[in-house]
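Engineer: Sequence first, then the predicted structure:
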Amino acid sequence: MSDLQKTVVLLKPDALQRDLLGEIINRFERKGLKIVGLKFIRLTDELLDIHYAHLSDKPFFESLKKFMMQTPVVGIVLEGLEAVSEVRKIIGSTNPRQADAGTIRADFSMNVPSNLIHASDSEETAQNEIKRFFSNHEIFSYEKISDRYIFGEGV
């Protein structure tokens, strides 16, 4: 099925510190997204230079990297129909005060630096981020009995 995609989510240090991991993961599971990769990741300066290269000229770049290295982050690869855009809807706007009610960021955060979560913003970005944060043997393919009910017949 061509609409079946994988995407990356990183639960940031504030999600870990605030004991919101289960609540956030539950939102994705309730939607019907399948977890095909899950682990703690200790981010390094070098890895963050690559991941946030598009922000390297911003005045907050160094403080962002410092924040992201405070604790491990939780890396998740989710799979589902149009997973990239569906995850983006669930997490809400980068600025939590502008996020739609009911999204993760609107419900649990109030400022941009501590907005709990990173998610891939396109299929291409998702493919790059999967390679950046996960090795092939950390991504699983498996069938769940609920797949046909959530994704439709023929998945």
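Structural biologist: Thanks, I have the structure now. Numbering: from 1, shown residues only.
Engineer: In space, what's closest to residue 116 - neighbours in sequence excluded?
Structural biologist: residue 15 (4.5 Å; Cβ to Cβ, 6 or more residues apart in numbering). (C-beta placed from N, C-alpha, C; glycine too.)
Engineer: I'd say the one you found and residue 71 touch.
Structural biologist: No. The pair residue 15 / residue 71 is not scored as a contact, 9.6 Å apart, by Cβ atoms under 8 Å.
Engineer: The two: who's more crowded?
Structural biologist: residue 15 (24 against 16; other Cβ atoms under 10 Å).
Engineer: Correct me if wrong, but the more buried one is in a helix.
Structural biologist: Yes. Checked against DSSP: H, G, I helix; E, B strand; the rest coil, residue 15 lies within a helix.
Engineer: got the contact list for it?
Structural biologist: Contact analysis of residue 15 by Cβ atoms under 8 Å, 6 or more residues apart in numbering lists 21, 24, 74, 116, 117.
Engineer: And the pLDDT for the last one?
Structural biologist: Yep, that's residue 117 we're talking about. pLDDT for residue 117: 97.
Engineer: quick one: the residue nearest to residue 116 from residue 24, how far?
Structural biologist: 6 Å (Cβ to Cβ, to the nearest Å).
Engineer: what does residue 72 give?
Structural biologist: 15 Å.
Engineer: When these two are compared, which one has more neighbours?
Structural biologist: residue 24 (20 against 14).
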